[in-house]
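# coords below, sequence missing:
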(Lines give C-alpha, C1' and ligand atoms only; values in the text may rest on other atoms or scores of the structure.)
Protein backbone atom coordinates (compact mmCIF):
# COMPACT_ATOMS: atom_id res chain seq x y z
CA UNK A 1 0.00 0.00 0.00
CA UNK A 2 1.42 3.32 -1.04
CA UNK A 3 1.89 5.70 1.87
CA UNK A 4 1.54 9.39 1.35
CA UNK A 5 3.54 11.76 3.56
CA UNK A 6 1.75 14.78 4.88
CA UNK A 7 3.56 17.93 3.87
CA UNK A 8 5.54 19.54 6.72
CA UNK A 9 3.90 22.47 8.32
CA UNK A 10 5.83 25.60 7.79
CA UNK A 11 6.79 27.20 11.14
CA UNK A 12 7.45 30.61 9.62
CA UNK A 13 3.97 32.13 10.19
CA UNK A 14 3.98 30.94 13.81
CA UNK A 15 7.47 32.29 14.37
CA UNK A 16 6.52 35.64 12.85
CA UNK A 17 3.50 35.80 15.12
CA UNK A 18 5.56 35.06 18.22
CA UNK A 19 8.14 37.67 17.28
CA UNK A 20 5.41 40.24 16.68
CA UNK A 21 3.93 39.62 20.13
CA UNK A 22 7.38 39.90 21.71
CA UNK A 23 8.09 43.14 19.86
CA UNK A 24 4.82 44.67 21.01
CA UNK A 25 5.48 43.59 24.59
CA UNK A 26 9.00 45.05 24.48
CA UNK A 27 7.69 48.32 23.12
CA UNK A 28 5.20 48.53 25.98
CA UNK A 29 7.85 47.70 28.58
CA UNK A 30 10.26 50.30 27.20
CA UNK A 31 7.79 53.15 26.91
CA UNK A 32 9.14 56.33 28.49
CA UNK A 33 7.73 57.27 31.87
CA UNK A 34 6.32 60.47 30.38
CA UNK A 35 3.68 60.27 27.69
CA UNK A 36 4.14 62.67 24.82
CA UNK A 37 1.67 65.06 26.43
CA UNK A 38 3.41 64.90 29.83
CA UNK A 39 6.93 65.59 28.62
CA UNK A 40 8.33 68.88 29.92
CA UNK A 41 8.45 71.70 27.42
CA UNK A 42 9.85 75.21 27.28
CA UNK A 43 13.49 76.17 27.68
CA UNK A 44 16.29 75.65 30.18
CA UNK A 45 19.82 77.01 30.46
CA UNK A 46 22.83 74.79 31.16
CA UNK A 47 26.01 76.56 32.25
CA UNK A 48 28.97 74.60 30.88
CA UNK A 49 32.59 75.75 30.56
CA UNK A 50 35.24 77.11 28.22
CA UNK A 51 34.58 76.42 24.56
CA UNK A 52 37.54 74.05 24.09
CA UNK A 53 36.93 72.11 27.30
CA UNK A 54 35.02 68.91 27.97
CA UNK A 55 32.17 70.65 29.82
CA UNK A 56 31.21 72.48 26.64
CA UNK A 57 31.26 69.37 24.48
CA UNK A 58 29.34 67.36 27.05
CA UNK A 59 26.70 70.08 27.11
CA UNK A 60 26.34 69.99 23.33
CA UNK A 61 25.87 66.24 23.33
CA UNK A 62 23.43 66.30 26.26
CA UNK A 63 21.39 68.93 24.41
CA UNK A 64 21.21 66.57 21.43
CA UNK A 65 20.03 63.70 23.62
CA UNK A 66 17.39 65.91 25.23
CA UNK A 67 16.11 66.87 21.78
CA UNK A 68 15.47 63.16 21.14
CA UNK A 69 13.88 62.48 24.52
CA UNK A 70 11.79 65.64 24.93
CA UNK A 71 11.48 67.51 21.61
CA UNK A 72 9.46 70.31 23.18
CA UNK A 73 12.21 71.19 25.64
CA UNK A 74 14.95 73.48 24.36
CA UNK A 75 18.32 73.65 26.11
CA UNK A 76 20.45 76.79 25.83
CA UNK A 77 24.15 76.36 26.55
CA UNK A 78 25.96 79.15 28.41
CA UNK A 79 29.79 79.01 28.24
CA UNK A 80 31.62 79.91 31.45
CA UNK A 81 35.10 79.85 32.96
CA UNK A 82 34.20 76.75 34.96
CA UNK A 83 32.82 75.29 38.17
CA UNK A 84 33.01 78.29 40.49
CA UNK A 85 31.22 80.59 38.04
CA UNK A 86 28.68 77.86 37.29
CA UNK A 87 27.76 77.57 40.96
CA UNK A 88 27.34 81.32 41.25
CA UNK A 89 25.10 81.38 38.18
CA UNK A 90 22.85 78.70 39.64
CA UNK A 91 22.26 80.43 42.95
CA UNK A 92 21.76 83.77 41.16
CA UNK A 93 19.09 82.27 38.91
CA UNK A 94 21.15 82.87 35.76
CA UNK A 95 21.19 79.15 34.90
CA UNK A 96 18.85 76.24 35.59
CA UNK A 97 21.47 73.50 35.50
CA UNK A 98 25.26 73.47 35.57
CA UNK A 99 28.28 71.19 35.72
CA UNK A 100 30.62 71.57 38.68
CA UNK A 101 33.32 69.57 40.43
CA UNK A 102 32.67 68.06 43.83
CA UNK A 103 35.60 69.91 45.43
CA UNK A 104 34.32 73.29 44.16
CA UNK A 105 30.87 72.53 45.57
CA UNK A 106 32.31 71.45 48.94
CA UNK A 107 34.41 74.63 49.08
CA UNK A 108 31.36 76.78 48.29
CA UNK A 109 29.44 75.10 51.10
CA UNK A 110 32.29 75.31 53.61
CA UNK A 111 32.86 79.01 52.97
CA UNK A 112 29.21 79.88 53.45
CA UNK A 113 28.51 80.70 49.82
CA UNK A 114 25.19 82.45 49.30
CA UNK A 115 22.42 79.97 48.54
CA UNK A 116 24.64 76.93 49.13
CA UNK A 117 21.82 75.20 51.03
CA UNK A 118 19.63 75.38 47.90
CA UNK A 119 21.98 73.40 45.68
CA UNK A 120 20.86 69.92 44.62
CA UNK A 121 22.35 67.25 42.35
CA UNK A 122 20.93 65.38 39.36
CA UNK A 123 23.77 62.94 38.72
CA UNK A 124 27.41 62.19 39.18
CA UNK A 125 28.85 62.44 35.67
CA UNK A 126 32.49 61.65 35.00
CA UNK A 127 35.84 62.38 36.63
CA UNK A 128 38.15 65.26 35.83
CA UNK A 129 41.84 64.34 35.71
CA UNK A 130 44.34 66.89 37.00
CA UNK A 131 47.00 67.57 34.39
CA UNK A 132 50.27 69.51 34.52
CA UNK A 133 51.56 70.12 31.00
CA UNK A 134 55.14 71.16 30.17
CA UNK A 135 57.31 71.11 27.03
CA UNK A 136 58.99 67.74 26.55
CA UNK A 137 62.43 69.24 27.24
CA UNK A 138 61.39 71.03 30.43
CA UNK A 139 63.41 70.55 33.60
CA UNK A 140 60.15 70.29 35.58
CA UNK A 141 59.80 66.75 36.92
CA UNK A 142 57.55 67.45 39.89
CA UNK A 143 55.28 70.26 40.99
CA UNK A 144 57.85 71.79 43.35
CA UNK A 145 60.08 72.47 40.33
CA UNK A 146 57.64 75.18 39.21
CA UNK A 147 59.08 77.65 41.72
CA UNK A 148 59.81 80.95 39.98
CA UNK A 149 58.32 79.85 36.65
CA UNK A 150 55.46 81.28 34.58
CA UNK A 151 52.55 78.94 35.24
CA UNK A 152 49.07 78.91 33.71
CA UNK A 153 46.75 78.48 36.69
CA UNK A 154 43.30 78.85 35.11
CA UNK A 155 40.95 81.80 34.98
CA UNK A 156 39.52 83.51 38.03
CA UNK A 157 36.25 81.77 38.87
CA UNK A 158 37.36 78.43 37.46
CA UNK A 159 37.61 75.10 39.20
CA UNK A 160 41.04 74.76 37.59
CA UNK A 161 42.40 77.71 39.56
CA UNK A 162 40.85 76.43 42.77
CA UNK A 163 42.53 73.03 42.50
CA UNK A 164 45.78 74.50 41.14
CA UNK A 165 46.13 76.59 44.29
CA UNK A 166 45.68 73.42 46.34
CA UNK A 167 48.18 71.41 44.29
CA UNK A 168 50.83 74.10 44.57
CA UNK A 169 50.25 74.39 48.31
CA UNK A 170 50.61 70.63 48.66
CA UNK A 171 53.99 70.97 46.93
CA UNK A 172 55.04 73.73 49.34
CA UNK A 173 54.42 76.62 46.94
CA UNK A 174 52.22 79.69 47.32
CA UNK A 175 50.41 80.51 44.08
CA UNK A 176 50.69 84.25 44.72
CA UNK A 177 54.31 84.36 45.86
CA UNK A 178 56.29 81.36 44.61
CA UNK A 179 55.24 81.11 40.95
CA UNK A 180 54.42 83.71 38.33
CA UNK A 181 50.73 82.91 38.08
CA UNK A 182 49.18 83.48 34.65
CA UNK A 183 45.40 83.58 35.03
CA UNK A 184 44.36 82.17 31.68
CA UNK A 185 42.21 79.18 30.73
CA UNK A 186 42.48 76.20 28.42
CA UNK A 187 41.39 78.34 25.45
CA UNK A 188 44.68 80.26 25.66
CA UNK A 189 47.22 78.32 27.72
CA UNK A 190 48.23 75.81 25.01
CA UNK A 191 49.04 78.59 22.53
CA UNK A 192 50.96 80.46 25.22
CA UNK A 193 53.03 77.37 26.03
CA UNK A 194 53.71 76.82 22.33
CA UNK A 195 54.86 80.44 21.95
CA UNK A 196 57.12 80.23 25.00
CA UNK A 197 55.06 82.78 26.97
CA UNK A 198 54.50 80.35 29.85
CA UNK A 199 56.59 77.45 31.11
CA UNK A 200 53.78 75.12 32.23
CA UNK A 201 50.06 75.01 32.77
CA UNK A 202 47.57 73.17 34.93
CA UNK A 203 44.32 71.76 33.64
CA UNK A 204 41.48 69.79 35.21
CA UNK A 205 39.28 68.02 32.67
CA UNK A 206 37.94 64.80 31.26
CA UNK A 207 40.09 62.59 29.05
CA UNK A 208 40.96 63.42 26.42
CA UNK A 209 40.76 67.22 26.43
CA UNK A 210 40.79 68.38 22.81
CA UNK A 211 42.93 71.44 23.50
CA UNK A 212 45.71 69.24 24.92
CA UNK A 213 45.32 66.74 22.07
CA UNK A 214 45.74 69.49 19.49
CA UNK A 215 48.73 70.96 21.32
CA UNK A 216 50.45 67.54 21.36
CA UNK A 217 50.08 67.39 17.57
CA UNK A 218 51.99 70.68 17.22
CA UNK A 219 54.47 70.61 20.09
CA UNK A 220 56.37 67.90 21.95
CA UNK A 221 54.90 68.03 25.43
CA UNK A 222 55.00 65.97 28.60
CA UNK A 223 52.62 65.37 31.51
CA UNK A 224 54.11 65.74 34.98
CA UNK A 225 52.88 63.19 37.57
CA UNK A 226 50.75 64.67 40.36
CA UNK A 227 49.85 61.57 42.36
CA UNK A 228 52.65 62.21 44.87
CA UNK A 229 50.73 65.27 46.13
CA UNK A 230 47.67 63.33 47.32
CA UNK A 231 48.88 62.70 50.90
CA UNK A 232 49.66 66.39 51.37
CA UNK A 233 46.21 67.35 50.05
CA UNK A 234 44.48 65.35 52.76
CA UNK A 235 43.12 67.39 55.63
CA UNK A 236 43.35 70.75 53.85
CA UNK A 237 39.60 71.22 54.12
CA UNK A 238 36.27 69.56 53.28
CA UNK A 239 37.10 69.74 49.57
CA UNK A 240 40.14 67.47 50.00
CA UNK A 241 37.84 64.50 50.68
CA UNK A 242 36.87 64.52 47.01
CA UNK A 243 40.34 64.00 45.54
CA UNK A 244 41.32 60.43 44.72
CA UNK A 245 44.30 58.67 43.25
CA UNK A 246 44.01 57.96 39.52
CA UNK A 247 46.15 56.90 36.60
CA UNK A 248 46.13 58.57 33.22
CA UNK A 249 46.39 55.83 30.58
CA UNK A 250 48.95 56.22 27.78
CA UNK A 251 46.24 56.20 25.11
CA UNK A 252 44.61 59.33 26.58
CA UNK A 253 47.01 61.44 24.49
CA UNK A 254 48.71 59.09 22.02
CA UNK A 255 50.60 61.95 20.30
CA UNK A 256 52.60 62.71 23.44
CA UNK A 257 55.99 61.13 22.73
CA UNK A 258 56.95 58.43 25.18
CA UNK A 259 53.59 58.52 26.90
CA UNK A 260 53.31 56.14 29.80
CA UNK A 261 50.87 55.63 32.63
CA UNK A 262 50.89 58.83 34.69
CA UNK A 263 49.94 58.88 38.37
CA UNK A 264 47.59 61.76 38.96
CA UNK A 265 44.53 62.86 40.92
CA UNK A 266 40.88 62.85 39.88
CA UNK A 267 37.75 64.61 41.11
CA UNK A 268 34.12 63.92 40.21
CA UNK A 269 31.88 66.22 38.18
CA UNK A 270 28.22 66.60 39.10
CA UNK A 271 25.22 67.85 37.16
CA UNK A 272 23.73 70.40 39.53
CA UNK A 273 20.54 72.40 39.92
CA UNK A 274 18.69 74.07 42.80
CA UNK A 275 15.80 73.00 45.00
CA UNK A 276 13.51 75.34 43.04
CA UNK A 277 13.89 73.34 39.83
CA UNK A 278 10.65 71.68 38.68
CA UNK A 279 10.51 67.99 39.62
CA UNK A 280 9.31 66.76 36.21
CA UNK A 281 11.89 68.86 34.40
CA UNK A 282 14.72 67.60 36.61
CA UNK A 283 13.53 64.03 36.19
CA UNK A 284 13.66 64.41 32.40
CA UNK A 285 17.14 65.98 32.41
CA UNK A 286 18.41 63.16 34.63
CA UNK A 287 16.83 60.56 32.35
CA UNK A 288 18.56 62.07 29.33
CA UNK A 289 21.93 61.94 31.11
CA UNK A 290 21.54 58.17 31.51
CA UNK A 291 19.87 57.60 28.12
CA UNK A 292 22.67 59.43 26.36
CA UNK A 293 25.59 57.69 28.04
CA UNK A 294 26.67 55.60 25.07
CA UNK A 295 26.10 58.29 22.46
CA UNK A 296 27.84 60.96 24.53
CA UNK A 297 30.60 58.54 25.51
CA UNK A 298 31.61 58.11 21.87
CA UNK A 299 33.05 61.62 21.99
CA UNK A 300 33.48 62.32 25.70
CA UNK A 301 35.12 59.03 26.59
CA UNK A 302 34.96 59.61 30.34
CA UNK A 303 31.16 59.77 30.09
CA UNK A 304 31.10 56.04 29.32
CA UNK A 305 31.46 55.54 33.07
CA UNK A 306 28.12 57.23 33.79
CA UNK A 307 25.60 54.63 34.84
CA UNK A 308 22.78 54.10 37.30
CA UNK A 309 25.06 52.53 39.90
CA UNK A 310 27.41 55.50 40.12
CA UNK A 311 25.16 58.43 39.15
CA UNK A 312 23.39 58.48 42.52
CA UNK A 313 26.59 59.15 44.50
CA UNK A 314 26.46 62.93 44.46
CA UNK A 315 28.29 64.02 47.61
CA UNK A 316 28.47 66.74 48.82
CA UNK A 317 24.94 67.45 47.54
CA UNK A 318 21.62 65.74 48.11
CA UNK A 319 19.74 64.46 45.10
CA UNK A 320 16.95 66.67 43.78
CA UNK A 321 13.50 65.03 44.29
CA UNK A 322 13.01 64.88 40.52
CA UNK A 323 16.30 63.04 40.06
CA UNK A 324 15.41 60.71 42.91
CA UNK A 325 12.08 59.96 41.23
CA UNK A 326 13.90 58.96 38.05
CA UNK A 327 16.28 56.61 39.85
CA UNK A 328 13.38 55.01 41.70
CA UNK A 329 11.54 54.47 38.42
CA UNK A 330 14.69 52.84 37.08
CA UNK A 331 14.79 50.68 40.24
CA UNK A 332 18.23 51.78 41.40
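Looks like it arrived, so ask away. All values reported here derive from a predicted model rather than from experimental measurement. Residues are numbered from 1 along each chain as shown.
# Only C-alpha atoms from now on, for both contacts and neighbour counts.
Noted.
# quick one: the strands in the stretch 201-332 of the chain?
Remark: strands assigned in the stretch 201-332 of the chain by DSSP state E, counting those that start in this stretch are 221-223, 244-248, 262-274.
# and for the shortest one, what are the contacting residues?
Just to be clear, that refers to strand 221-223. By Cα atoms under 8 Å, 6 or more residues apart in numbering, the residues outside strand 221-223 that reach it are 131-137, 215, 256-257, 259, 262.
# For the residue lying closest to residue 77 once chain neighbours are set aside, give the beta-bridge partners.
In space, and not counting its chain neighbours, residue 77 is closest to residue 46: 5.0 Å by Cα to Cα, 6 or more residues apart in numbering. Taking DSSP bridges as the rule, residue 46 bridges to residue 77, residue 97.
# Residue 46: how many residues sit nearby?
Neighbourhood size, residue 46 [other Cα atoms under 10 Å]: 27.
# Could you check how far it is from residue 80?
The gap separating residue 46 from residue 80 is 10 Å, by Cα to Cα, to the nearest Å.
# How about the contacts made by the residue nearest to residue 159 when sequence neighbours are not counted?
Excluding the flanking residues, the one nearest residue 159 by Cα to Cα, 6+ apart is residue 83, at 4.9 Å. Counting by Cα under 8 Å, 6+ apart, residue 83 makes contact with 49, 99-101, 104, 157-159.
# Can you say which helix or strand has residue 66 in it?
For residue 66, the element it lies in under DSSP states H and E is helix 54-69.
# re the thing from before, now, of the contacts of strand 221-223, which are buried?
Among those, the ones that count as buried by 16 or more other Cα atoms under 10 Å are 131-136, 215, 256, 259, 262.
# Give the other helices and strands that the longest strand anywhere in the chain contacts.
Using DSSP state E, we find that the single longest strand of the chain is strand 119-135. Applying 3 or more Cα pairs under 8 Å, 6 or more residues apart in numbering; DSSP states H and E, we find strand 119-135 packed against strand 200-205, strand 221-223, strand 262-274, helix 279-291, helix 308-311, helix 321-329.
# Now do that strand against strand 262-274, angle only.
Angle of strand 119-135 versus strand 262-274, following axes from the mean of the first three to the mean of the last three Cα atoms, to 10 degrees, is 150 degrees.
# So residue 151 belongs to a strand, correct?
Yes - assigned with DSSP: H, G, I helix; E, B strand; the rest coil, residue 151 falls within a strand.
# Domain ranges for this protein, per the record?
Domain assignment for the chain by automatic domain parsing gives 42-125+269-329, 128-268.
# With mean pLDDT as extra columns, can I get the ones you listed in TSV?
Below are those laid out as TSV (pLDDT from 0 to 100):
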stretch	mean pLDDT
domain 42-125+269-329	95
domain 128-268	94
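# on that earlier part again, would you convert the strands of the stretch 201-332 of the chain into a markdown table that also reports distance to residue 292?
A markdown table is the format used below for the strands of the stretch 201-332 of the chain (distance: least, Cα to Cα, whole Å):
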| stretch | distance to residue 292 |
| --- | --- |
| strand 221-223 | 31 |
| strand 244-248 | 24 |
| strand 262-274 | 14 |
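# Tell me which of those strands sits nearest to residue 116.
Residue 116 lies closest to strand 262-274 among those, at 9.1 Å (Cα to Cα).
# the inter-axis angle of the closest one versus helix 279-291?
Using the same axes, to 10 degrees: strand 262-274 against helix 279-291 is 160 degrees.
# relative orientation of strand 262-274 and strand 244-248 in degrees?
Between the axis of strand 262-274 and that of strand 244-248 there is an angle of 120 degrees, by the same axes, to 10 degrees.
# Redo the helices and strands packed on strand 119-135 as JSON lines? Include distance to residue 301.
Formatted as JSON lines, the helices and strands packed on strand 119-135 follow (distance: least, Cα to Cα, whole Å):
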{"stretch": "strand 200-205", "distance to residue 301": "12"}
{"stretch": "strand 221-223", "distance to residue 301": "19"}
{"stretch": "strand 262-274", "distance to residue 301": "14"}
{"stretch": "helix 279-291", "distance to residue 301": "14"}
{"stretch": "helix 308-311", "distance to residue 301": "16"}
{"stretch": "helix 321-329", "distance to residue 301": "23"}
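# tell me the most buried of those?
strand 200-205 (a mean of 25; mean count of other Cα atoms under 10 Å).
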